[in-house]
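> A predicted structure for the sequence below; I have some questions about it.
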Amino acid sequence: MADPILEGRGLTKRFGGLVAVDSVDIAIERGEICGLIGPNGAGKSTLFRLISGVMAPTAGVVTFNGRPITGRSAHDVCVAGVAVTHQIVRPFRDMSVVDNVMVGAFFGHRPRPRGRSGARAAAMEELEICGLADRAEAPARSLTLGGHKRLEIARALATRPEVLLLDEVLAGLNPTETDRTLDLVRTVRERGTTIVMVEHNLRAVRGVCSRIVVLVEGRKIVEGDPDAVLTDERVVSAYLGTAHA
Amino acid sequence: MSYGLALIYGVLKIINLANAGFLMLGAYVTWWLFTAYHVDPLLAPLVIIPVFFLIGVGLERTLVRRVLGAEPIISLLLLFGVWLVLQNLAYVIWTGDTRSIENPFVESTVKFVGLQLSVPRLYVFAMGILSLIALQLFLTRTYLGRAIRATAQDRDAARLVGVDVDRVMGIAFGIGIALAGFGGSLLSLLFSFTPDFGRVLSLKSFCIVVLGGLDSIVGVAFGSVALAIAEAFGVRYMPASMQDLISFVVLVIVLVALPKGIVGTLRSLRRG
Amino acid sequence: MARNAAFAAIAIAALVAVPFVAPGAEYALDVLFLIFLYGAMATAWNLVGGLAGQVSFGHAAFLGIGAYATAIMTTNGVSLWITVPVSALLAGVYSLVIGIPAFRLRGPYFSIATIGIGEATRLIARNWSSLTGGVSGLTLSSAPPLLMQYFAALALLVAAVGLAAWIRASRFGYALAAVRQDTDAAETLGVATTVAKTQALFISACILGVAGSIYALHYLFVSPDSVFGFSTSIALVIMPIIGGLGTVTGPLIGAVIYTFIREQLAATLANVDLLAFGVLLIAIVVFEPRGVIGIVDRIRGIRKRRPVTVPDG
């Protein structure tokens, strides 16, 4: 890949004796929607944490737009342009929906919005896209799970990221909500944001991703075109056991 | 011999952790210390432990349970409030005069290997170790002990595997309070005290937890020793009134240099 | 918001007028003075404990530093115009020194550490006799006229409350609210959480430093147990909680309640007032954690729809 927007080389994370991520090389192309899949415990969320600065890698480098961001703090990475959502949603429960998103608008990018009204306007934009505009003043804790997931996305979007890392954003959603969220993902990409999605919903992944990377036990085993990857016998056996390969 | 004391502090702290960060045992220690005033101190624990246990369970049922869902600040404040009540109740009932226990046992010493050792200190030390061992055994070998640990780690998961979480939390809290009372009772043999006593203890046990890392009894034991050593050094170089500062200085140094505590850092280094 | 400002302006005008309208009512002025001072202190604590959610049980340390600095400087003839700002600044600097290690801790662990910090500061004051006069403390030679003290305290209160209100509605306020709700999530949204906490602490400490100055000039005596004492720290925690943690008017309400209870009960048994506060604290925490403001909201039928960052009123 000529000019990846986000790249990780040799990323490794050890927790005591456990190697959660093992020398992973990953390169994300500008403007793509890349899927990151693998059985539970494969290290996908950990990889996200390494990239977004929530955790420092034991080894390896992360570059963003050609510049290294390895080991920088989470807030630095966010401001630089890489935003992440959480697998288990973490809304600011006692704050209103729009206030939640305003935090992202205020702090996630430079230049800062113009005052509170500027931040609010930016926040409302993202809420519109995510279908939460009518719940703007409600306390965040009053949302349904689907709403919470969209709030996570809206908050992250308010930081105007160039790359958005979505961690199992479809988990726990019913089919209607899933489709709605996938539409949202496509819209976000059309606005120019590159997206990397950790997902277990393989059908959704095939439908929306242009490329898939597979992690098993911390190591990347294959990557490429969705159809090819999903029928690759290594991937099938990783998910279902070797008998089905 | 302050090792024994430090062990006690550590034991008190461990149960806290089993209660997801609730803190406040120092106040109960203080309260206890005044009760010890009237009863033969060595026998007092026989009364203290069950009574405090019941109080702990009762407290958990009535007050603590109500604030479980809210921000952790709230439960901290609740326990702080309880502490405040206890401490000032103690002031009101027993006044702020310094109290101590004076009887032959407390003053006795024994000659051992050429050293004049204080019997109460030996006793406390022994009790400290025994409690630690007993606690460790309880938490690891009994069903209830394991249920407590499970609940501390993940309340919902524990519920799913059949643990009666409500009962367990009450019991765990009760144990914590009972241990605090026991600890206070032991300490009353060694020190004179005022209602303020609990506060300094709290700080020390906290120090131990930070030193030893947050999640193991071994760590706590280690932290206790470390603090005791630090205090022993301090006695030589600092005036007596400054001694409490030692805990604090150690704490700050450790916090700045080793946020995971000494044991935690050693562990991660060892596993590379 | 405009309604609030109007109320505030009227209240301030009324308070300014009191000494002129009732010049002989020294006791009333004294009580008001205390309320102003406590109110400012409670508001300052609330910035860190309420807005940012970092409950500190050692805030008396900053009050004490302001008080001692003022005592030492005025005894050496330094003008008040220099003494007060320097006292505030020293308190602020101290907050940076202890904030950096302390903020490595989260939640209850941070709170416990602050107990230690408060205690340690008191012990240092006790033992550093050459500077602080040790256990016996320091006396100041002369007090500014009561009227001047009254207006100084009022000015501090207005400044503190104004600052708190402004912060709450500002970008900084959003950072603090986010830190309070979920520090890690805030980090992933670009909030430099440690910086925000430290800033709040610094501001809080400076306000307390000025309060300490005023305190010293009023009582003309400072000692380790009086200014650095744990009971002072407790007071700073109780007032905002009773009134309404994290709100703007909460600490004021708490200060009024605190002053009245204190005045009424301290005359009887020594520790009954603290006992009462303990009970009150438990009651508030269990039944209405949002304090008096929360109770008022309930009566007015406003359920907990109102999110934390909306200015009250």
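Received it, and whenever you're ready, just let me know what you need. Numbers count the residues shown, from 1 in each chain, chains lettered A, B, ... in the order given.

> Do a quick rundown of the strands in the chain.
All of this refers to chain A. Under the criterion DSSP state E, chain A carries strands at the ranges A:6-15, A:18-28, A:33-37, A:59-64, A:67-68, A:82-84, A:163-167, A:194-198, A:211-216, A:219-224.

> Please refer instead to chain C.
According to DSSP E, the strands that chain C contains are C:138-139, C:221-222.

> can the strands of chain A go into CSV with extra columns for distance to chain C?
Glycine gets a C-beta too; all of them are placed from N, C-alpha and C. As requested, these are arranged in CSV below (distance: least, Cβ to the nearest Cβ, whole Å):
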stretch, distance to chain C
strand A:6-15, 16
strand A:18-28, 18
strand A:33-37, 18
strand A:59-64, 15
strand A:67-68, 17
strand A:82-84, 6
strand A:163-167, 10
strand A:194-198, 15
strand A:211-216, 21
strand A:219-224, 24
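
> Number of residues surrounding the closest residue to chain B within the stretch 201-313 of chain C?
In the stretch 201-313 of chain C, no residue comes nearer to chain B than residue C:278, which is 3.2 Å away by Cβ to the nearest Cβ. Under the neighbour criterion other Cβ atoms under 10 Å in any protein chain shown, residue C:278 is assigned a count of 24.

> quick one, what contacts it?
Residue C:278 is in contact with B:81, B:82, B:83, B:84, B:85, B:86, B:87, B:88, counting by Cβ atoms under 8 Å, 6 or more residues apart in numbering or on different chains.

> between those residues, which is nearest residue B:149?
Distance to residue B:149, by Cβ to Cβ, is smallest for residue B:82 among the contacts of residue C:278, at 24.7 Å.

> who's in contact with the residue nearest to residue C:275 when sequence neighbours are not counted?
Here the nearest residue to residue C:275 in space, its sequence neighbours aside, is residue B:88; by Cβ to Cβ, 6 or more residues apart in numbering or on different chains that works out to 3.8 Å. If you count contacts by Cβ under 8 Å, 6+ apart, residue B:88 has them with B:195, C:271, C:272, C:274, C:275, C:278.

> and residue C:82, how many residues sit next to it?
Residue C:82 sits with 10 neighbouring residues when counted by other Cβ under 10 Å.

> ok, it to chain B distance?
The gap separating residue C:82 from chain B is 31 Å, by Cβ to the nearest Cβ, to the nearest Å.

> What number of residues are in the vicinity of the closest residue to residue A:146 other than its chain neighbours?
Distances taken as Cβ to Cβ, 6+ apart put residue A:177 closest to residue A:146, at 4.2 Å, once the chain neighbours are dropped. For residue A:177, the number of neighbouring residues by other Cβ under 10 Å comes to 17.

> how much space between residue A:177 and residue A:44?
Residue A:177 sits at a distance of 22 Å from residue A:44 (criterion: Cβ to Cβ, to the nearest Å).

> Relative to residue C:272, how far out is the residue of the stretch 201-313 of chain C closest to chain B?
Here the criterion is Cβ to Cβ. By it, residue C:278 lies 10 Å from residue C:272.

> Then residue A:71?
Distance from residue A:71 to residue C:272, by Cβ to Cβ: 55 Å.

> what about the helix or strand harbouring residue B:174 and chain C, any contact?
Taking DSSP states H and E as the definition, one finds residue B:174 inside helix B:165-188. No - using Cβ under 8 Å from any Cβ of the partner chain as the criterion, no contacts between helix B:165-188 and chain C are found, and the smallest distance is 14.2 Å.

> For that helix, name the packing helices and strands.
helix B:2-18, helix B:25-36, helix B:44-62, helix B:119-141, helix B:143-153, helix B:155-160, helix B:197-212 (3 or more Cβ pairs under 8 Å, 6 or more residues apart in numbering or on different chains; DSSP states H and E).

> circling back: let me have the strands of chain A in a markdown table, adding mean pLDDT as columns.
Formatted as a markdown table, the entries for the strands of chain A read as follows, by pLDDT from 0 to 100:
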| stretch | mean pLDDT |
| --- | --- |
| strand A:6-15 | 91 |
| strand A:18-28 | 91 |
| strand A:33-37 | 93 |
| strand A:59-64 | 93 |
| strand A:67-68 | 92 |
| strand A:82-84 | 94 |
| strand A:163-167 | 94 |
| strand A:194-198 | 94 |
| strand A:211-216 | 92 |
| strand A:219-224 | 90 |
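
> Need the winner for burial among the ones you listed.
For the strands of chain A, ranked by mean neighbour count under the definition mean count of other Cβ atoms under 10 Å in any protein chain shown, the leader is strand A:82-84 at a mean of 29.

> which residues of chain A fall in helices?
Counting by DSSP state H, one finds helices in chain A at the ranges A:44-52, A:74-80, A:97-107, A:115-129, A:145-157, A:175-190, A:202-208, A:226-231, A:233-240.

> now what about the longest one, what contacts it?
In this case it means helix A:175-190. Looking at helix A:175-190 with Cβ under 8 Å, 6+ apart, the contacting residues turn out to be A:31, A:33, A:129-131, A:146, A:149-150, A:153, A:157, A:164, A:166, A:169-170, A:173, A:195, A:197, A:201, A:204, A:207-208.
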